[in-house]
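**Student:** fold the following and give me the result.
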Amino acid sequence: MPVNEQQSPNAALAHELGDALREAGRIALTYFRGSIRSWTKGHDSPVSEADIAVDEFLHNRLSRTGFGWLSEESKDDRTRLSAERLFIVDPIDGTRSFLAGRPDWSIVAAVVERGRPVASAVYVPVEDALYLAASGEGATCNGLRIGTSAGAGLAGARIAGPKKMLERVQSIDPAAIEEPKIHSLALRMTRVAEGRIDAAFASINAYDWDLAAADLLVHEAGGAMTNFAGAAPVYNLHDPVHGAILAAGRERHAAMLDLVRKRRKEFA
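**Tutor:** Sure, this is the predicted structure:
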């Protein structure tokens, strides 16, 4: 059903993020499947002129006094650590897919307050799918409510993530279904929020910009997204890097987290 148009401040922020991401998506699509300059940065991570163009647009569009800024493609300004609120942005999440002409890339933004997201947006330009969430107000895709899938079992559960983790899951229950790789980590977790897949893993060393927006979407869609100790990620720390992450509907998340804890060495 359509969302109530009466907006709280956080809902208004989410819609502002969504409007900015739609415009950013139009910029990104002008480069997509065309001739484009790209290069590598630390840890052999690709970056392209499209990443930079979208990052500059979003920084100019969203920047405001009093809000910090953290983006994969911007120099880390540590004044963010004292900001009450900050934007966390990934201008193109899934750059490898973007450069390969595949559709599973997204543009991602969240507003974080005291370590947790309060407004977020994930936009998939190829599908024109805009996901929004505001703290305490649910999650939507193109204005319609979304929710995580029900159930706790592994049999028949559609699970995405690093191949080694999926192999561990299938060794426990061969009836679990390994989903094709979703290269955008934010989109992978967002698929859990909308119930298109039942659970998803992220390996160690995901960054704030990979997780923050989808984190709020999953929680507001009735699910849980935590590290393997069961704690929700905390954002805007000095080092914005995280350990392994699990996202699923609450009942399935609890069951899978119990399995991971009992077989921690296998999932390390």
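**Student:** can you report how many residues neighbour Ala12?
**Tutor:** Neighbourhood size, Ala12 [other CB atoms under 10 Å]: 12. Heads up, the C-betas are built off the backbone N, CA and C, glycines and all.
**Student:** I meant Leu216, not that one.
**Tutor:** Count around Leu216 with other CB under 10 Å applied: 30.
**Student:** next SSE downstream of the helix or strand hosting it?
**Tutor:** Per DSSP states H and E, Leu216 falls inside helix 208-220. Sequence-wise, the next helix or strand downstream of helix 208-220 (DSSP H and E) is strand 223-227.
**Student:** and that next one, which strands flank it?
**Tutor:** strand 245-249 (antiparallel) (DSSP bridges).
**Student:** could you give the angle of the partner strand to helix 208-220?
**Tutor:** 20 degrees (axes from the mean of the first three to the mean of the last three CA atoms, to 10 degrees).
**Student:** report the buried residues of the helix holding Leu216.
**Tutor:** 208-220 (16 or more other CB atoms under 10 Å).
**Student:** tell me the one among those nearest to Ala248.
**Tutor:** Closest approach to Ala248 among those (CB to CB): Val218, at 8.4 Å.
**Student:** so that closest one sits against Met189, correct?
**Tutor:** Yes. With contacts counted by CB atoms under 8 Å, Val218 reaches Met189, the gap being 5.9 Å.
**Student:** intersection of neighbour lists for those two?
**Tutor:** By the contact definition CB atoms under 8 Å, 6 or more residues apart in numbering, Val218 and Met189 are jointly contacted by Met225, Ala247.
**Student:** show me the shaky parts of this structure.
**Tutor:** Within the chain, the stretches with pLDDT under 70 are 1-5, 268.
**Student:** name the residues of the helix or strand where Val192 lies that are buried.
**Tutor:** Take DSSP H and E as the rule and Val192 turns out to sit in helix 185-193. For helix 185-193, burial by neighbour count (16+ other CB under 10 Å) applies to Leu185, Ala186, Leu187, Arg188, Met189, Thr190, Arg191, Val192, Ala193.
**Student:** contact partners for the first one?
**Tutor:** Contact analysis of Leu185 by CB under 8 Å, 6+ apart lists Asp93, Gly94, Ala202, Ala206, Asp210, Leu211, Ala214.
**Student:** what do you get if the cut-off is 6 Å, keeping everything else the same?
**Tutor:** Neighbour list for Leu185: Ala202, Ala206, Asp210 [criterion: CB atoms under 6 Å, 6 or more residues apart in numbering].
**Student:** for Ala247, which non-adjacent residue is closest in space?
**Tutor:** Leaving aside its sequence neighbours, Ala247 sits nearest to Met225 (CB to CB, 6 or more residues apart in numbering; 4.0 Å).
**Student:** who are the packing partners of the helix or strand just after the helix holding Val192?
**Tutor:** Next along the chain after helix 185-193, taking DSSP H and E as the criterion, comes strand 199-202. Counting contacts by 3 or more CB pairs under 6 Å, 6 or more residues apart in numbering; DSSP states H and E, strand 199-202 is packed against helix 185-193, strand 245-249.
**Student:** let me know which of these is the nearest to Ile36.
**Tutor:** Each of the helices and strands packed on strand 199-202 has some distance to Ile36 by CB to CB; the shortest is helix 185-193, at 20.3 Å.
**Student:** can you give me the angle that closest one makes with helix 208-220?
**Tutor:** Going by the same axes, to 10 degrees, helix 185-193 makes 10 degrees with helix 208-220.
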